[in-house]
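> Whatever this is, show me its structure:
(2 chains)
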Amino acid sequence: MQKENSQDLSILRHSASHILAQAVKRLFSKAKLGIGPPIKDGFYYDFDIDGELLSQNLPRIEEEMRKIVKEDFPFKKEKISKSEAERIFKEREEPYKLELLKEIEDDMVTLYSQGDFVDLCRGPHLQSTGKVKFFTLLSVAGAYWKGKEGNPMLSRIYGTAFFTQEDLQQHLKMLEEAKKRDHRRIGKDMDLFTISPQSGAGLAIYYPRGAMLRDILENFEKKEHLKRGYQLVWTPHISRAHLWEKSGHLDFYRENMYLFSTDKEEYVIKPMNCPGHILIYKSKIRSYRDLPLRFFELGTVYRREESGVLHGLLRLRGFTQDDAHIFCAPSQVVEEVRGVIRFVLFMMNTFKLGYRVTLSTRPAKYIGSLASWDRAIEALKDALKEENLNFEIALGEGAFYGPKIDIQMEDALGRLWQGPTIQVDFNLPERFDLTYVAPNGEKKRVVMIHRVVLGTIERFLAVLIEHLGGNFPLWLSPIQVRILTVTEKEASYAQDIYQEMISEEVRAELDTKNEMLGYKVREAELDRIPYMVILGKEEAKRKVLTVRERKGNNLKNITLGSFLQMLKDKVKHRE
RNA sequence: GCCGACGUAGCUCAAAGGUAGAGCAGCUGAUUCGUAAUCAGCAGGUUGUAGGUUCAAAUCCUAUCGUCGGCUCCA
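Purely as a prediction, here's the structure:
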């Protein structure tokens, strides 16, 4: 039933996109048609036209669409020969449709028409334009023809459509809600971080609360890595360009790298941590008995990203990977990858995040031999299968040095962001001649696995903020408790409680402002503080606390000792 | 990088060529209050930046930086 519904919905939306195209052609006869498919949450149509005109005229276009709906044209399907279709679109001066026709291998094609509007389309559609009742246009954006940089930039109009007014309303409401969860909004509200034009686009600055949050995450990461046999390492932020020449990055990754020269030499600000970890591996002769070696670093890297792609903490130019490189024998690869997969799943479960797994294969631009690529892909597949994970294959989406498993996480608008990734690399060990001594005394080639389990601290924080709407569980909350006094008379008792708490390593704040309690409660709620401790005449007299939970429940007559114990238990179990 | 929109006080937003304004936050004072906004006063801005048009620019033009929505790219 559900599935049928979503199929019907995409037919509806496809029809809506044709109505949109007809409306635009009516208003702007010079507009050339691109394509107009239904998508996950609606539909779009691409036009080659002055984009400014469209954004100003969105209301007019929508009005025209409603007229077309009223006119109730039937959607007519017609099967004709390709040459006949070519004649029609030539006459109608639709160069993009002609280009699409050329790529169709069949001799026959289908056209759909409504009124005087004709489109090359596989269909299906609803019976008539009158069936499309509840829709709205949302935005205008640029989009390259066929999604290829270098192709002409078309103007894309996005919209959405539903079968009922209620569904439409609900969807629009959901978009509003998502906006409220936007990590940039919450980051500002909760005083966590900023990206200041003064320091530069794509570079985040953490305020005390944001820095606290990072620190909690980072400490958690370090502990979990140590538990799994990783060793902490640290490598410098800049290094000689020479190193990056050897790794191949200067050839394959140059446009994303920040380079600078000192008087004598060129240097690179690291965009990745692997070359540094390789130097650590190479610092001595390694035995098969040492393997696998797992080097972990919260490595801050900088990449020159195109200005248009920057997006809060989700897409930055400077970010910190929870990066590790595992050096192992070829026979250990599957087991090591399995271990990383389990680690990733542990993380996703800990934070209760949804995810999607893909296996990315060899891209057009790559280094290393075909045979080693095939071997690496097999190893990743085996590990995924043995962990019983569902995954999709993304052809040609691998890194230039090896195939990878990507785990994507969802943000508040349902957009997917790459987080954890696991990449097998047979190539860098070759380039740097990384070996170990086998039992028979022979030198053997080591295999390298690059992997991150959260991805980056920044992006992960962003996804987490949106996932939780800023309501961090106690163990993650930068501020765990705020102490509120009812009147100024309780200031000294509150001060004592506060001192006790911070000495017990509770992240507490004291609010003795001369304001009414309602005001302070409201502020603490807006700051999403998990626990408020309310101290008035009663509490001071009886030396107890009243605790208000974030949701509004009250716990009365609690002693400081039992409250501290409760906090400790919850932190321990990450509730 | 490309297409489009936008940039006004710490924040949210007014002011459509003619003296930049409000709410919240901040500060001072009053109030001493029991679970999502107590009252009053004060202060706060070379309208992102740099040029230009004009008697006069937040407003019009150009460039530039940045932000937002996409495309492309990616952790």
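
> Next up, phi/psi of A:Y366, please.
phi -150, psi 160 (degrees, to the nearest 10).

> Surely it touches A:G396?
No - using C-beta atoms under 8 Å, A:Y366 is not in contact with A:G396; the gap is 9.4 Å. Quick note: C-beta positions are derived from backbone N, CA and C, even for glycine.

> Need the phi and psi values for A:L293.
Dihedral pair for A:L293: phi -100, psi 130, per degrees, to the nearest 10.

> can you check the one 10 residues further on too?
For A:R303, the backbone dihedrals are phi -130, psi 140 (criterion: degrees, to the nearest 10).

> Check whether it really touches A:R254, as I assumed.
No - A:R303 is beyond contact range of A:R254, at 11.4 Å (criterion: C-beta under 8 Å).

> lowest-confidence helix or strand of chain A?
Ranked by mean pLDDT, DSSP states H and E, the helix or strand of chain A with the weakest confidence is helix A:51-56, at a mean of 71.

> what's the following helix or strand after it?
helix A:58-71 (DSSP states H and E).

> partners of whichever helix or strand comes after that next one, with directions?
Using DSSP H and E, the helix or strand that follows helix A:58-71 in sequence is strand A:76-81. Strand A:76-81 sits in its sheet next to strand A:108-114 (antiparallel), going by DSSP bridges.

> Output the helix or strand immediately after the partner strand in the chain in CSV with nothing but the alpha carbons.
Moving toward the C-terminus from strand A:108-114, the next helix or strand (DSSP H and E) is strand A:117-120. Extracted in CSV, the C-alpha atoms of strand A:117-120 (Å, rounded to 0.1, in the frame of the first residue of the first chain):
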residue,chain,number,x,y,z
PHE,A,117,2.2,21.7,-24.9
VAL,A,118,4.3,18.7,-26.0
ASP,A,119,7.1,17.0,-24.2
LEU,A,120,9.3,14.0,-24.8
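
> Name every strand pairing with strand A:117-120 and say which way it goes.
strand A:108-114 (antiparallel).

> Can you tell me the SS state at A:Y519?
Following DSSP: H, G, I helix; E, B strand; the rest coil, the label given to A:Y519 is helix.

> Against A:V547, how distant is it?
19 Å (C-beta to C-beta, to the nearest Å).

> ok but A:L510 is inside a strand, no?
Yes - read with three-state DSSP, A:L510 is one of the residues of a strand.

> ok, for it, nearest residue in space, not its chain neighbours?
The spatial neighbour of A:L510 that comes closest, neighbours along the chain excluded (C-beta to C-beta, 6 or more residues apart in numbering), is A:Y498 at 4.4 Å.

> how about A:F400, what does it touch?
Residues in contact with A:F400 (C-beta atoms under 8 Å, 6 or more residues apart in numbering) are A:G248, A:F252, A:Y253, A:P363, A:K365, A:Y366, A:I367.

> if we can go back for a sec, quick one, which of A:R303 and A:R254 is more surrounded?
Using other C-beta atoms under 10 Å, the more surrounded residue of A:R303 and A:R254 is A:R303, with 18 against 13.

> show me where the stretch 251-400 of chain A has strands.
Along the stretch 251-400 of chain A, counting by DSSP state E, counting those that start in this stretch, strands occupy A:258-261, A:266-269, A:293-302, A:318-328, A:355-360, A:392-394.

> In space, what's closest to the residue of the stretch 451-575 of chain A at minimum distance from RNA strand B - neighbours in sequence excluded?
Scanning the stretch 451-575 of chain A for the residue nearest RNA strand B gives A:G536, at 2.3 Å (criterion: C-beta to the nearest atom of the strand). The shortest distance from A:G536 to any non-neighbouring residue, by C-beta to C-beta, 6+ apart, is to A:V486 (3.5 Å).

> Likewise for A:I483?
A:V533 (4.6 Å).

> The one you found in helix, strand or coil?
Assignment for A:V533 (three-state DSSP): strand.

> quick one, phi/psi of A:V446?
phi -90, psi 160.

> Neighbours of it, how many?
Residues near A:V446, counting by other C-beta under 10 Å, number 26.

> how near is it to RNA strand B?
Taking C-beta to the nearest atom of the strand, to the nearest Å as the measure, A:V446 falls 22 Å from RNA strand B.

> and the residue of the stretch 451-575 of chain A closest to RNA strand B, what does it touch?
Contacts of A:G536 (C-beta under 8 Å, 6+ apart): A:T485, A:V486, A:T487, A:E490, A:L517, A:T546.

> neighbours of the fourth one, just the number please.
Right, the one you point to is A:E490. 22.

> ok, it touching A:K541?
No - contact between A:E490 and A:K541 fails when scored by C-beta under 8 Å: they sit 10.0 Å apart.

> Hmm, the residue nearest to A:G536 is touching A:E515, no?
No - using C-beta under 8 Å, A:V486 is not in contact with A:E515; the gap is 10.3 Å.

> ok, now which ones touch A:K556?
Listed by C-beta under 8 Å, 6+ apart, the contact partners of A:K556 are A:V544, A:T546.
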